[in-house]
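Asks: Task: produce atomic coordinates for the following.
(one chain, ligands or ions: 1)
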Amino acid sequence: MTSALFTPLQLGGITLPNRIVVSPMCQYCAADGSMHDWHFVHLGHLAYSGAGLLMVEATHVTREGRITHGCSGLYSDKNEAALSRVIHHVRSVSKNPVGLQLGHAGRKGSSQVPWEGRQHLGAQESPWQTVAPSPIPFGEGWHVPRELSTREISDLVEAFAGSAARAKRIGFDVLELHSAHGYLLHQFLSPLSNRRRDAYGEDRMKFPLEVVRAVRQVWPKDRALGARISGSDWIEGGLGPDDAVAYAQALERAGFDYVCVSSGSLAAHAQVKVAPGYQVVFAEKVKKSVTMKVRAVGMIADPAQAEAILAEGKADMVAMARAFLDNPRWAWHAAQRYGIKLDYPPQYARSRYDQWPGAKLVRP
Ligand SMILES: Cc1cc2nc3c(=O)[nH]c(=O)nc-3n(C[C@H](O)[C@H](O)[C@H](O)COP(=O)(O)O)c2cc1C
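Replies: Take a look at the predicted model:
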């Protein structure tokens, strides 16, 4: 049986053994940006999930660029050492490629972790001054960000390049710029959050593309470089699919290898129409306009659904977040469905369900 999901994919200078991607997922439990034992276990077990690419959570380029106090960062030697330890472990249990997502939260920083409310930090919770293209808060009652000066903007370009250099040293195969979900790069792109009157407002792609070029210079061509972009702000007057196409084309011209097309989260009042595979339509539109690779994400959970997205040419890869938290063996089970033999860690080889005698009787 053939399967699009389990067909290898050339991504920049690397080859993914299949087209299943573990989507980046913040764990909100780093200490001043440094990962520790939770990440060791979390990423360690996802590393041998069989997915063709494991993306590590949004990791921030400055301390104040973190979303929450628990977010991961790559702005200090300590952060780099901690992340190196985790990735060294990941490499010891799997040969599959591993990527890192780099970001800056901008006006969405200084927030509570999800299980404490996901709101802006209160006065007793060590809030910090957030920054953004314009002093417009994310939602009612949220911190009013300070408008970035041009000097601070160029410092941030350097911060992205500095973190990319650290990621290169750690040995990631893939680097991804977080340009979606209402974080800083997205805030510059959207007319709803960027009301600047200077060159960074006249050309809203100016700052993101400065970051893109700086990171492209640092990141080796024999690895892969991409970005997560937004297909829609889901708000009247905000970015839409045509803007995603224009941005993806600019990324392609700058030498990026792929985009992952997500959407939403620019502002608190966005009305997102969530449904199975609801963002695939944006990925499909972008894919028709570029030659770079395109990843689809969002409410993809069933192997047949994922297989169809690829087989119908709507995207080149599919990323899944919650499906992998729910079932870290998602790829093993999908492989069995398509008659594909994945390499299991030898310690777990006997779990291969299709080889249990009488297994159908006991599996839930
Ligand atoms: C726990 C959790 C953490 C997340 N953290 C990130 C992140 O660090 N970066 C990012 O781009 N998206 C993040 N997301 C969004 C996912 O990567 C994904 O785009 C979204 O959950 C939709 O995919 P799904 O329906 O497969 O979960 C996170 C999602 C979850 C559930």
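
Asks: From L83, how far out is the closest residue to W332 other than its chain neighbours?
Replies: Beyond its immediate neighbours in the sequence, the residue positioned closest to W332 (C-beta to C-beta, 6 or more residues apart in numbering) is G50, lying 5.3 Å away. From N, CA and C alone the C-beta is placed, and that goes for glycine too. Note on G50: its distance to L83, by C-beta to C-beta, to the nearest Å, is 23 Å.

Asks: need the residues of the stretch 201-350 of the chain near the ligand, please.
Replies: Remark: the part of the stretch 201-350 of the chain in contact with the ligand comprises R228, S262, V297, G298, M299, I300, M320, A321, R322, A323, using C-beta under 6 Å from any ligand atom.

Asks: Go again with 5 Å.
Replies: When proximity is defined by C-beta under 5 Å from any ligand atom, the stretch 201-350 of the chain lies next to the ligand at V297, G298, M299, M320, A321, R322.

Asks: Output the longest helix belonging to the protein.
Replies: helix 150-170 (DSSP state H).

Asks: And the average pLDDT for it is what?
Replies: Confidence over helix 150-170, taken as the mean pLDDT, stands at 98.

Asks: Just the buried positions in that helix, please.
Replies: 153, 156-157, 159-167, 170 (16 or more other C-beta atoms under 10 Å).

Asks: And the contacts of stretch 244-259?
Replies: 11-12, 179, 189, 205, 208-209, 212-213, 216, 221, 224-232, 261, 282, 285-286, 289-295, 316-317 (C-beta atoms under 8 Å, 6 or more residues apart in numbering).

Asks: Buried residues of that stretch, list them for me.
Replies: When burial is assessed from 16+ other C-beta under 10 Å, stretch 244-259 yields the following buried residues: A244, V245, Y247, A248, Q249, L251, E252, F256, D257, Y258, V259.

Asks: Name the secondary structure element that contains the fourth one.
Replies: Secondary structure here is read from DSSP states H and E; on that basis A248 sits in helix 241-253.

Asks: Could you look up the next helix or strand downstream of that helix?
Replies: Downstream of helix 241-253 (by DSSP H and E), the next one is strand 258-262.

Asks: what about dumping the CA coordinates of that next one to CSV?
Replies: Output in CSV follows, covering the C-alpha atoms of strand 258-262 (Å, rounded to 0.1, in the frame of the first residue of the first chain):
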residue,chain,number,x,y,z
TYR,A,258,8.9,26.3,3.6
VAL,A,259,5.9,27.9,5.3
CYS,A,260,3.4,26.5,7.8
VAL,A,261,0.1,28.2,7.3
SER,A,262,-1.8,28.8,10.5
